[in-house]
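*Asks:* coordinates only, sequence not included:
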């Protein structure tokens, strides 16, 4: 499911419910003014966007029109399983190695 970046403010307002802007901003790690601007339709910077997505429990790729990482990992495994010259055991092992490398690269980027 793809989400529009314009819906971000609406999702924040819904998620915070009766929680005030100041309290929600503190939870997210942004200023109340920033949170208020985003709720009113302004596009956040990348750091703020990442913090809000984490607080919302949403994958940022949904807002950016990208394929979520778990779908990319599955595609690599399927590709190897479909190749007739690769045994099932080899395909599973290679798929696992590709997924492990992708995860290690993501972890390294988050350091």
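*Replies:* Looks like it came in fine. Model, not experiment: these values are computed from the prediction.

*Asks:* okay, now the unreliable bits of this structure?
*Replies:* For the chain, the stretches flagged by pLDDT under 70 are 1-3, 65-88, 91, 110-111.

*Asks:* make it 90
*Replies:* Applying pLDDT under 90 to the chain flags the ranges 1-8, 41-47, 50, 58-111.

*Asks:* quick one: residue 63 and residue 11 touch, right?
*Replies:* No. In this structure residue 63 lies outside contact range of residue 11 using C-beta atoms under 8 Å: 9.5 Å. C-beta: built from backbone N, CA, C; applies to glycine.

*Asks:* which of the two has more neighbours?
*Replies:* Remark: of residue 63 and residue 11, residue 63 carries more neighbours, 20 against 17, as counted by other C-beta atoms under 10 Å.

*Asks:* which SSE is that one in?
*Replies:* Here residue 63 is covered by helix 61-64, with elements defined by DSSP states H and E.

*Asks:* domain ranges for this protein?
*Replies:* Using automatic domain parsing, the domain ranges for the chain come out as 5-64, 69-109.
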